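Participant: Just the structure for this:
(one chain, ligands or ions: 1)
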Amino acid sequence: MSQKLIIFLGPPGAGKGTQAERYTNHKSLAHVSTGVMLREHVERNTNLGVTAKGIIDKGDLVPDELVISMLKERLGEEDALKGAVLDGFPRTILQAESLDKLHNRSEIVAVVVFKVEEKILIQRMLERGRSDDNEETVKQRIEVYKKDAELLITFYKEKNIININGVGEEDEIFDELTNKLSFFVQ
Ligand code: ADP
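Facilitator: Purely as a prediction, here's the structure:
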């Protein structure tokens, strides 16, 4: 049985982390968030964390090779064997290509794209108040996303792409997500 991967794409503040958490609990899949993992490294002051901190604080991307090796290791863990939702990965074409190289053991069953207009994103993130959520970083992260998302969506054009409107009640969004994914995830 190959490992089933579902990719969640969306701008920062789109709510993909919240929905990924709910969906993975519901389906007994692993929730793999590279942002959460990187912040844990920063917290624990690991080598990776020390490198990543300044980059995260500016809203830029952590170097591909560091994120890729962290992700591959995570996908090898027991709870991810059946499958995982990738939240925040891939963010670059190089990261996407690294996932493709795992094709003999894993399979991308769907790519979910969360859509939320920019004004709402900025408002949500400033309310959330995470330490890397000041107005300047938030705007920078949105710009980085816009540039990379287009390339990634093109890269995945042959896959099952699911569009989700990320504005509305959390429960309604979850229902839409589970309905649309039910065609591709048993
Ligand atoms: P957000 O979606 O709100 O930007 P994340 O928790 O996904 O939040 O990511 C926070 C930060 O962690 C990013 O701004 C970036 O610096 C870093 N990061 C997360 N995932 C990746 C990745 N796949 N590649 C490079 N950097 C990443």
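Participant: Where does the residue in the chain that the ligand sits nearest to sit, in terms of helix or strand?
Facilitator: Going by C-beta to the nearest ligand atom, the ligand is nearest to residue 35 of the chain, at 1.8 Å. The C-beta positions use only the backbone N, C-alpha and C, and glycine is treated the same way. Using DSSP states H and E, residue 35 maps to helix 34-44.
Participant: which of the residues in the following helix or strand past that helix are buried?
Facilitator: Using DSSP H and E, the helix or strand that follows helix 34-44 in sequence is helix 47-58. Buried residues in helix 47-58, counted by 16 or more other C-beta atoms under 10 Å: 48, 49, 51, 52, 53, 56.
Participant: Low-confidence ranges, this protein, go.
Facilitator: Low-confidence segments of the chain (pLDDT under 70): none present.
Participant: top helix in it by residue count?
Facilitator: The longest helix of the chain (DSSP state H) is helix 135-155.
Participant: Give the other helices and strands that the helix or strand following it contacts.
Facilitator: Using DSSP H and E, the helix or strand that follows helix 135-155 in sequence is strand 161-165. Packing contacts for strand 161-165, counted by 3 or more C-beta pairs under 8 Å, 6 or more residues apart in numbering; DSSP states H and E, involve strand 106-115, helix 170-181.
Participant: let's go with 10 Å and repeat that
Facilitator: For strand 161-165, the packing partners by 3 or more C-beta pairs under 10 Å, 6 or more residues apart in numbering; DSSP states H and E come out as strand 3-9, strand 106-115, helix 170-181.
Participant: how about the helix or strand just after the shortest one: buried residues?
Facilitator: Scanning forward in sequence from strand 3-9, with DSSP H and E defining helices and strands, the next element found is helix 16-27. By neighbour count, and taking 16+ other C-beta under 10 Å as the criterion, the buried residues in helix 16-27 are 16, 17, 19, 20, 22, 23, 24, 27.
Participant: could you dump helix 16-27 to PDB, C-alpha only?
Facilitator: Below are the C-alpha coordinates for helix 16-27, written out as PDB (Å, rounded to 0.1, in the frame of the first residue of the first chain):
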ATOM      1  CA  LYS A  16      -5.400  25.500   6.000                       C
ATOM      2  CA  GLY A  17      -3.700  24.500   9.300                       C
ATOM      3  CA  THR A  18      -7.000  24.400  11.100                       C
ATOM      4  CA  GLN A  19      -8.700  22.400   8.400                       C
ATOM      5  CA  ALA A  20      -5.700  20.100   8.100                       C
ATOM      6  CA  GLU A  21      -5.800  19.400  11.800                       C
ATOM      7  CA  ARG A  22      -9.500  18.500  11.600                       C
ATOM      8  CA  TYR A  23      -9.200  16.500   8.500                       C
ATOM      9  CA  THR A  24      -6.300  14.400   9.600                       C
ATOM     10  CA  ASN A  25      -8.000  13.600  12.900                       C
ATOM     11  CA  HIS A  26     -11.100  12.600  11.100                       C
ATOM     12  CA  LYS A  27      -9.200  10.300   8.700                       C
END
